[in-house]
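Student: this is a predicted model, with the sequence first.
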Amino acid sequence: MSKRTTPGRIYVYSAPGYETEWTRTVGSTTISGKGKFKVGFTGRLDPKVRIKEQTGTLYPEQEGIVIHLDEEAVKADGSYFDDHAVHKVLDLAGINRVSEVVEASLSEISAAIAAVRSGRKYDSSRTQDFGLRPEQANAVSLTEEYFKSHANDPHPPRFLWNAKMRFGKTFATYKLAEKMRWKRVLVLTYKPAVRDAWRDDLSSHIDFSEWVFASRDTFVDPDIDQPMVWFASFQDLLGTTSKGGVKEHNIDLHLIDWDCIVLDEYHFGAWQGAAKELCSTAPLKDSSTKFEEEEIEKAEDLSEMLKSGIPRLYSANPEGPSADDLDAGQLRLSSKNYLYLSGTPFRALTEGEFNEDAIFNWTYPNEQQAKREWDEVATHDPVKNPYRELPQMQMFTYALPDLTTSELDYGPEGLFDLSGFFAADKVGAEYHFRDQERVREFLNMLRGQLVQTAKEKLLSNSKPAFPYSNPMFARAVEHSVWLLPAVASAHAMKAELESNSFFQNYLVHVAAGNGAKMGAEAKKPVDAMLAKAAKLGKQTITLSVAKLMTGVTVPQWGAILILRSLKAPESYFQAAFRVQSPWATKNDDGTRTINKETCFVFDFDPNRALTLVYQYGTKLAGETTKSSPAETIHELIEFLPIYRFYGGSMDPVDVNAVMDWGTSRVGAAMLAKRWGSDKLIDLSENVLKKLLGQEELLAQLEQMEDFRNLRQEASKIISNSQKVRDAKKPKTGTPPGDDPEVDKAKKAKREQVKTLRSKLKKFVQAVPVFMYLTDYREEALVHVISSLDTQLFERVTGITLADFHKLSDIGVFHPDHMDEAIWQFRLFERASLNYLGVSEEEDEARIGLWERSVVTSK
């Protein structure tokens, strides 16, 4: 037989009658199973042709023929193989075979094919044989070269992988270890939940069949000849016995001279204090400060915790070493190399911890660009795109003040406090939101159900795309994670969801607090809930405060709702990228179905979201690229589109809006829009009645061209309001809302209010000009207008002081919204002055609002 010059295909299929049960004995072990498969080979491009030749007589329509696997028969070294090689591996494994039909599981067959392809020993548990993606290979190559070239430095070399979440750091790290011929690798992290990812990649891939995995729960003799990866958490490693000694299961970690210590999730707490000392040769400091794992789980980052001191380290046993209590006072971890892994190591980069040639960068835009470029090459098969299963992210932001009628919480800077909106307390054995009604209104809003007063805020009379009402999001929200501000909030939200009729088909799990377990154990209940949901045909919601937000993969999550006020871009984007995990399923014919083409971030504080996007983009620009911040942010939002609901419409956010907001804390375009906001003018029925009662004011205003018909316009609005209000009372034979006359009145009222409001807004829109020109910035604006700069106000606005007072007294100018607009103007003005090098010298400054002044720090 001549040697093949082109690759063929290995295929596996089953036919009717293949469902029989079987048993086999391997050594002293008897294995039982059900089902047979035919393992074949063809030189044709489509195995279906060959399969039909074999089965067409019995099954002319191919009924009952299921193709389970169809792969190119090419080895890792580029040579070709056929089904005989696979049959031989299965025979040696003791698997029963008659010709091409084998009694085995699909995983066993996949493992045999993987063994042939790699040239390694067969292991039924090792079914994976994928290779490195180009960027992973680049990371391995750069790191290998750096470690080898600095092997003789006085200090062990340190290298950072600044690689986005879903880069594949565990697999790439193991390939680096293989390339470097390491035998002892220690993985350290502050997030124990990532243990499963490190274990699964090592135990399922054919390339690592010689390696063993160890942890506190899986003891391995440290003197074994095989290469070993030991996983440990810093929380456990920094703990001590009652006498201050090393825990028994951690003693060996200090005695091994590691080839490499891998510091995973390096952004978390920036590995300060104890973590750095444990991996250094400097004398240990002594501190009595101790942090429990639960505290670390709750923390957005460790920087605030560590201000009070370094976490408690091992201290010498006051009674001296004993046989069962090794003194750890002088112990250090020792390694020849250090590899740091993080998707958001901004603090370390800013502080210059790593040389430029000791950093590998791979960002979300890099990934999505590679995905796009693969498909643009005509010779590339889109199905083989290595980035194909990585979904695109989209962010939708909603301003809650525009969508709710509830009282809102504002922080010291006058910005909306999302965490305060969802604040809750434990009362006895139950948890309750401090404002239950507004949370219920929020849940109804998620599915597009708004109260009437909230609908009136939708100036365009159109609702935005809400997470649980728009078909675009339907697949993504089948399994979502909600990030809440506190454990009490998570439990209170679970109670509200379970009592809400819309969410009855959702299974809800609280992954927060001590009851949700710690570290890797916290993920198991989520997996169990997802498995149960799959059986019952239900959807799921996971409620978290901080757990599972770093280094954890839950493929089914398609959306995240951020319901807390995060301040650090590291924490924000670590959480957001949890939902970008690929989720694909293998079909019976061997193809893969992508279940998640797009994933979504839903944020209910647009100002905070734009600020963090700006910070994230500028950090990427400053530390990982040669581009300007504007160029980097443009690239970011090209692949991570951001939509913002404001003023009645959902519009895409461009780079200018992000830059405006980020550089001044307030976007210039948004500032202008705010001073054109309809909310600044109150034309409620009560205010209009007061206006009609001001004869002198009406006479004065009606001398202006815009207000010649002011009385008539105000009276029509009041009349139509009365018609709409009366329609809410049930009428015999006419369901509420179905009366054509009422619909006509509603439409007329909207148009009349819009017209009158646009005229009155001309006064308001002149206020920023007045604020810019006046020298009085510390006093309430009403006081400045009345007493300090009256003539300037009248020249700028065209309205007399007396008329202004009357309009203000009857409430035409909405004081709360005027306060907010003035505050934003002052922040923007201050940022502009700071940019020009002109700023106040005082640590605190007084800012005048509409009717009051506030003191704010710089």
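Tutor: Received, thanks.

Student: average model confidence for stretch 16-29?
Tutor: Taken as a whole, stretch 16-29 has a mean pLDDT of 81.

Student: for it, buried residues please.
Tutor: Y18 (16 or more other Cβ atoms under 10 Å). (Glycine included, C-beta is placed from N, CA and C.)

Student: what of stretch 125-133?
Tutor: 126-129, 132-133.

Student: from those residues, which land in helices?
Tutor: Among these, no residue falls in helices (DSSP state H).

Student: closest one to G64 out of these, please.
Tutor: Using Cβ to Cβ, T127 comes nearest to G64 of the buried residues of stretch 125-133, at 25.5 Å.

Student: hmm, back to that, so which of the buried residues of stretch 125-133 is the closest to E178?
Tutor: Checking the buried residues of stretch 125-133 one by one against E178 (Cβ to Cβ), the nearest turns out to be L132, at 10.6 Å.

Student: which ones are touching the residue nearest to that closest one when sequence neighbours are not counted?
Tutor: Excluding its sequence neighbours, the residue lying closest to L132 (Cβ to Cβ, 6 or more residues apart in numbering) is K175, at 5.8 Å. K175 makes contact with 132, 136, 140, 207 under the criterion Cβ atoms under 8 Å, 6 or more residues apart in numbering.

Student: would TSV of those with distance to N720 be doable?
Tutor: Shown next, in TSV, are those (distance: Cβ to Cβ, whole Å):
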residue	distance to N720
L132	68
Q136	65
V140	71
D207	74
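
Student: helices - which of the residues you listed land there?
Tutor: 136, 140.

Student: out of the contacts of K175, who's nearest F159?
Tutor: Of all the contacts of K175, F159 sits closest to V140, with 10.9 Å by Cβ to Cβ.

Student: how close does the closest one get to G245?
Tutor: In this view, V140 and G245 are 39 Å apart by Cβ to Cβ, to the nearest Å.

Student: likewise N355?
Tutor: 38 Å.

Student: those two: which is more packed in?
Tutor: Taking neighbours as other Cβ atoms under 10 Å, N355 and G245 compare with G245 leading, 23 against 13.

Student: kindly state the pLDDT recorded for that one?
Tutor: For G245, pLDDT reads 74.

Student: please report the distance of it from G513.
Tutor: With Cβ to Cβ as the criterion, G245 and G513 are 31 Å apart.

Student: do the same with I113
Tutor: I113 is 45 Å from G513, by Cβ to Cβ.

Student: and D236, by the same measure?
Tutor: D236 sits 20 Å away from G513, taking Cβ to Cβ as the criterion.

Student: with C599 instead?
Tutor: 26 Å.

Student: between those two, point out the one with more neighbours.
Tutor: Taking other Cβ under 10 Å, C599 and G513 do not tie; C599 has more neighbours (25 against 17).

Student: and the host helix or strand of that one, what does it pack onto?
Tutor: If you go by DSSP states H and E, C599 is part of strand 598-603. Under the contact definition 3 or more Cβ pairs under 8 Å, 6 or more residues apart in numbering; DSSP states H and E, strand 598-603 sits against strand 392-398, strand 559-562.

Student: would TSV of those strands with mean neighbour count and distance to P60 be doable?
Tutor: Formatted as TSV, those follow (neighbours: other Cβ atoms under 10 Å; distance: least, Cβ to Cβ, whole Å):
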stretch	mean neighbour count	distance to P60
strand 392-398	22	43
strand 559-562	24	46
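
Student: excluding residues flanking it in the chain, which one is nearest the residue positioned nearest the centre of the chain?
Tutor: Nearest to the mean C-alpha position of the chain, by Cα atoms, centre = their mean, lies A576 at 0.8 Å. Using Cβ to Cβ, 6+ apart and skipping the chain neighbours, the partner closest in space to A576 is V601 (4.8 Å).
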